[in-house]
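Engineer: sharing a model prediction with you, sequence too.
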Amino acid sequence: EADIYQTPRYLVIGTGKKITLECSQTMGHDKMYWYQQDPGMELHLIHYSYGVNSTEKGDLSSESTVSRIRTEHFPLTLESARPSHTSQYLCASSGPGAYRGYTFGSGTRLTVV
Amino acid sequence: DQQVKQNSPSLSVQEGRISILNCDYTNSMFDYFLWYKKYPAEGPTFLISISSIKDKNEDGRFTVFLNKSAKHLSLHIVPSQPGDSAVYFCAASPLNNDMRFGAGTRLTVKP
């Protein structure tokens, strides 16, 4: 049973549209992350949050924005989608202790046409 | 700066044989090392981890070896099964800090 949920699983959208990718977790984790991953490439960190009202940009420059108003919810928004945004977006959360690793959602496969 | 490197993008082995996936890292501050398994259209799932104070950790068919002096870790799967076919990501993190991931190795286990 998944403890971290991402919706939608798949999304095809036209250029210029605004989209929000949803991510929710039920584990009470303070730390949450958004990664972007293309086939054969490493996971690129685009945003992270260490708690409510805390958000930071990751290593990979991204035109997306995030918010963290509630512990369990960490949505990612693209104000104006472009074909270069086509990718898989993975949300993750982690609890205390690095040895526990991250729990990932199932991902959102975004295609911008 | 890619701190975690998986230099083999793919690996193919026969069912029943051993699969060895390799990973190198550059940051000597990494304290924990993890392997994740990812199926297409799904998120990565945690497989096995090892802390820097150990050189080996075993869980069933999966064993992770850590060579700190060489900054190298490997994942051994024995015996390999067709259901093991997936992309395997190596990850590393300093204590209580954020994780860095490799590019992944696609393992194919042939029946």
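Structural biologist: Sure thing, it's come through.
Engineer: and the nearest residue to residue A:10 once chain neighbours are set aside, bridged to which residues?
Structural biologist: Of all residues beyond its chain neighbours, the one nearest residue A:10 is residue A:109 (4.9 Å), with distances taken as Cβ to Cβ, 6 or more residues apart in numbering or on different chains. Quick note: C-beta positions are derived from backbone N, CA and C, even for glycine. Beta-bridge pairing for residue A:109 (DSSP bridges): residue A:10, residue A:88.
Engineer: residue A:109 is in contact with residue A:11, isn't it?
Structural biologist: Yes - the criterion here is Cβ atoms under 8 Å, and residue A:109 meets it with residue A:11 at 7.3 Å.
Engineer: hang on, the earlier thing: now do the contacts for the residue nearest to residue A:10.
Structural biologist: Residue A:109 is in contact with A:9, A:10, A:11, A:88, B:41, counting by Cβ atoms under 8 Å, 6 or more residues apart in numbering or on different chains.
Engineer: adding neighbour count, distance to residue B:35 and pLDDT as columns, could you present those residues in CSV?
Structural biologist: Formatted as CSV, the contacts of residue A:109 follow (neighbours: other Cβ atoms under 10 Å in any protein chain shown; distance: Cβ to Cβ, whole Å; pLDDT from 0 to 100):
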residue, neighbour count, distance to residue B:35, pLDDT
A:9, 12, 25, 95
A:10, 11, 27, 95
A:11, 16, 29, 96
A:88, 20, 19, 94
B:41, 11, 20, 78
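Engineer: between all of the residues you listed, which two are separated the most?
Structural biologist: Farthest pair in those (Cβ to Cβ) is A:11 and B:41. Separation: 12.8 Å.
Engineer: quick one, what contacts the residue nearest in space to the middle of chain A?
Structural biologist: For chain A, residue A:34 is the residue whose C-alpha lies nearest the centre (Cα atoms, centre = their mean; 3.2 Å). Applying Cβ under 8 Å, 6+ apart to residue A:34 gives the contacts A:23, A:45-48, A:58, A:64, A:66, A:74, A:76, A:89-92.
Engineer: out of everything not next to it in sequence, what's closest to it?
Structural biologist: residue A:47 is the one closest to residue A:34 (Cβ to Cβ, 6+ apart), at 4.4 Å.
Engineer: buried ones in whatever helix or strand that neighbour lives in?
Structural biologist: Residue A:47 belongs to strand A:44-51 when assigned by DSSP states H and E. Under the neighbour-count criterion of 16 or more other Cβ atoms under 10 Å in any protein chain shown, strand A:44-51 has A:44, A:45, A:46, A:47, A:48, A:49 buried.
Engineer: how about the last one: what's its closest non-neighbour residue?
Structural biologist: Spatial nearest neighbour of residue A:49, excluding adjacent residues (Cβ to Cβ, 6+ apart): residue A:68 at 4.3 Å.
Engineer: what's the residue nearest to residue A:71 when sequence neighbours are not counted in contact with, if anything?
Structural biologist: Nearest non-adjacent residue to residue A:71, counting by Cβ to Cβ, 6+ apart: residue A:52, 5.8 Å away. By Cβ under 8 Å, 6+ apart, the contact list for residue A:52 reads A:68, A:69, A:70, A:71.
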